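J.: Starting from these lines, generate the structure:
(chains A and B)
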Protein chains: 2
Amino acid sequence: MNTLIKDAYVILPDGGTQKADIAIEGNLIKAVGEIPHEFKGERIIDGKDKLAAPGFVNGHTHASMTLLRSYADDMALMDWLQNRIWPVEDRMTEEDLYWGAMLAAVEMIKSGTTAFADMYGPYMDAVAKVVMESGLRAVLSRGIVALAPGASEKLEDGVRLYREYHGAANGRITVMLAPHSLYTCPPEFLEKVAGKAKELGAEIHIHMSETEVEVKDCIKNYGKRPFAHVESTGLFENGTLAAHCVWLEEEDMEIIRKHDIRVVHNPGSNLKLASGVAPVQRLLKEGICVGLGTDGASSNNNLDMLEEVRLAALLSKVETMDPKALPAFQALQMGTEFSARAVGLKDVGRLEAGCKADIVLYSMQGPEWHPRHNLVSLLAYSANSGAVDTVLVDGQVLMEKKRLCTIDEEKVCFEAERSVKRLTEG
Amino acid sequence: MNTLIKDAYVILPDGGTQKADIAIEGNLIKAVGEIPHEFKGERIIDGKDKLAAPGFVNGHTHASMTLLRSYADDMALMDWLQNRIWPVEDRMTEEDLYWGAMLAAVEMIKSGTTAFADMYGPYMDAVAKVVMESGLRAVLSRGIVALAPGASEKLEDGVRLYREYHGAANGRITVMLAPHSLYTCPPEFLEKVAGKAKELGAEIHIHMSETEVEVKDCIKNYGKRPFAHVESTGLFENGTLAAHCVWLEEEDMEIIRKHDIRVVHNPGSNLKLASGVAPVQRLLKEGICVGLGTDGASSNNNLDMLEEVRLAALLSKVETMDPKALPAFQALQMGTEFSARAVGLKDVGRLEAGCKADIVLYSMQGPEWHPRHNLVSLLAYSANSGAVDTVLVDGQVLMEKKRLCTIDEEKVCFEAERSVKRLTEG
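T.: This is a model prediction of the structure:
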């Protein structure tokens, strides 16, 4: 179906804004601004007093972990994992993963996220089902903790996921292989994953250098810093999304540059777990692609990408003691265009002809949207995700005037609570 | 009028939550939980599926500066002030200050703030008018930059403000004296203010140790660190609200303790202007009262206290590299109870019998409010201020079911834009 968004203020790929129409043909943006005479919008969306922006791409999350939101906060990392998170995760059924990911889908759509890179398991078919039903775009991966039993089976499951779903749902689903991290996967296993990735042409999604302990242990155990160690397994040779990357030195950055590794910065989670602050300005100055992610809702505690955009900008300024660092538009790009590139999505994250029609309309109704000196600044620094009004992915309307079109929100909240009750009282 | 809030989940002063009713008699909370038999609620507010919390107290802001929101961002401090902010401020009329403060009032009520400490000028009567009309609670002060012409007149104006408004509007307005800072007020002037404060029994609202440059210049010019320097003028002897306090050493903290100075932390502004991160954990461990503020909307860029609560918690964790630092409830306390104490408000910031009925009801409707393992964590780490549903100050309903009761929001946004047009195009 062809769609015409009329009279919106559009954030253009160069950071400017313009009052313009957007023509959508099938799943693509056909034109922004001058609409061809022959274009007929079968559906018209009123963009008046709305700001049109590319949908956010959540570059690193664990969607089903929304079930653990507010379950365990303000705790030391290992106490949190061993005594709270892992025992519940062990009990999760395929149905639980489904409702967890559904709750995440509701939240993502309502907060303006149109695509997400997910690493979880075991039942990733449940997450794929959520992507298909919700209409979202996703880069799925079966996370593998190889130190736990069944590493080979998990890798086989990841390979199966790739074969079954890579390119599915009109290309809305792509798949990566996901060895969880170097501290949960021994080097021989990473080599095995690298081999499989090469065989399939699959890219890698992995946690890298999240905590200082991880770096120290890596040096102690393998005599190398994390990036050099993982590089030696061949894992970086097929395209890599590296989440976190908090603790980096010059030699890490060289390896990142050399293999064109895309970094996903998770400021909210890195602060909440006291992991540290990633050197985003240095990475960007080196020409490295840096996207943004929320991480799971058990360590964030939401999937709100606008919060991450703001946090990224604020942290960059204080990290460099330069208020000019990471200005509003560049921070927004990190959450959209750069994140899309980081997770391997082409033609996503910009509002221009030829790109995927993944679009968010923000209602500029509240006092936080006045005065209107600069719309990009208002979005990045003042508004909150409650302003999200209408969301399209691949040209399909997933939310219109704050009402979800593909998901029964009330049912999802009810079922998620039911899953949680079973998991925590069982 | 007596009001009964029925069936809400109430955040209690000890951090627990309880499903309970709240009885309000006049401007005070009469009971939480067990409501006396004889109590008759003339107005009933349905609290079902809502979280009742004390309203936020914005401990340091410049309300009328909302007119400059998004006007100048991502700039170096002095370039920003000299070339963007001050030229516009010079042109502001009493009417502009009124509409700027009105826009701030709309935003504050809609984001759950029930009281604010304001420092601005010259026309503070306009801000007092906004407080009276909106029903908000405020601690007003006429900010004095003594290095600019007319310092004595400004101090006289501040004294007049105190005499006219301290205790006005049923006690909803109190007034402090506000020498802007040590770098805009010479020591002899601070002494003069100290004398006036003593004479009136007025407290002081001042910016302290916001930037590293301020501290260095103070040592260079006066041979002392900021707190020692200002202490020597006698300014701290009548009760002090010190905003920012980013650059502190042990000797500063000793002076803060000695004079029972209350600190207001402004994390959003301190990050955005790259001022630094205040040592909140150290202050709290010393038993110092630390509240929260947004600063003005030209350096934040909103007046959203829930954002400041979250930022404060996240920054404390990474600053100390301890995920247990500043847990959810303590961060909320900073924005409510501690802020109230910081700005000199008694019986504000807690939901218990005898306290002022300054109450916010959050609608727990969205996906970010599920699952409900811990309501305090959901508010502090997951929800956004779009959840604010109903707001009471001094027992009066200022917003009900997301509709403002005392302010015409549309008119305010229109008039604020008109002021801005005149100010920036003139």
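J.: going forward, measure contacts and count neighbours with C-alpha atoms only.
T.: Noted.
J.: Identify the residues contacting stretch A:128-142?
T.: Residues outside stretch A:128-142 that contact it (CA atoms under 8 Å, 6 or more residues apart in numbering or on different chains): A:98, A:101-102, A:105, A:109, A:114-122, A:124, A:154, A:157-158, A:161, A:165, A:169, A:172-178, A:205, A:343, A:393, A:396, A:398, A:406-407.
J.: List buried residues within those residues.
T.: The neighbour-count test (16 or more other CA atoms under 10 Å in any protein chain shown) marks A:98, A:101-102, A:105, A:109, A:114-122, A:124, A:154, A:157-158, A:161, A:165, A:169, A:172-178, A:205, A:343, A:393, A:396, A:398, A:407 as buried among the contacts of stretch A:128-142.
J.: Inside strands: which ones of those?
T.: Those of the buried ones among the contacts of stretch A:128-142 mapping onto strands are A:114-120, A:173-178, A:205, A:393, A:396, A:398, per DSSP state E.
J.: does the residue of the stretch 1-150 of chain A found nearest chain B count as helix, strand or coil?
T.: Among the residues of the stretch 1-150 of chain A, A:Asp74 lies closest to chain B, at 4.4 Å counting by CA to the nearest CA. Classification of A:Asp74 using DSSP: H, G, I helix; E, B strand; the rest coil returns coil.
J.: distance of it from B:Tyr381?
T.: The gap separating A:Asp74 from B:Tyr381 is 11 Å, by CA to CA, to the nearest Å.
J.: What residues does the stretch 51-200 of chain A have near chain B?
T.: A:66-71, A:73-77, A:103-104, A:106-107 (CA under 8 Å from any CA of the partner chain).
J.: Could you give me the ChimeraX syntax to select whichever of the residues you listed are buried?
T.: Filtering these down to the buried ones (16+ other CA under 10 Å) takes a single ChimeraX command:
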select /A:66,67,68,69,70,71,73,74,75,77,103,104,106,107
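J.: Tell me which two in the residues of the stretch 51-200 of chain A next to chain B are the farthest apart.
T.: Pairwise distances across those peak at 29.5 Å for A:Ala76 and A:Val106 (criterion: CA to CA).
J.: domain ranges for chain A?
T.: A:2-54+A:350-402, A:56-342 (automatic domain parsing).
J.: Of those, which is nearest B:Ala146?
T.: Nearest of those (CA to CA): domain A:56-342, 26.8 Å.
J.: For the host helix or strand of A:Val264, enumerate the helices and strands it packs against.
T.: Assigned by DSSP states H and E, A:Val264 belongs to strand A:262-265. The contact analysis (3 or more CA pairs under 8 Å, 6 or more residues apart in numbering or on different chains; DSSP states H and E) places strand A:262-265 against strand A:240-244, strand A:290-292, helix A:337-342.
J.: is it true that the residue of the stretch 1-150 of chain A closest to chain B touches B:Ala331?
T.: No - checked against CA atoms under 8 Å, the pair A:Asp74 and B:Ala331 is beyond contact range at 11.3 Å.
J.: Can you pull the residues of the stretch 201-350 of chain A lying near chain B?
T.: Near chain B, when you scan the stretch 201-350 of chain A using CA under 8 Å from any CA, you find A:268, A:270-277, A:300-302, A:313-315, A:317-328.
J.: in the least confident helix or strand in chain A by mean pLDDT, what's buried?
T.: Ranked by mean pLDDT, DSSP states H and E, the weakest helix or strand in chain A is helix A:77-80, scoring a mean of 86. Buried positions in helix A:77-80, judged by neighbour count with 16+ other CA under 10 Å: A:Leu77, A:Trp80.
J.: so A:Ser363 bridges to which residues?
T.: Under the criterion DSSP bridges, A:Ser363 forms beta bridges with A:Lys50.
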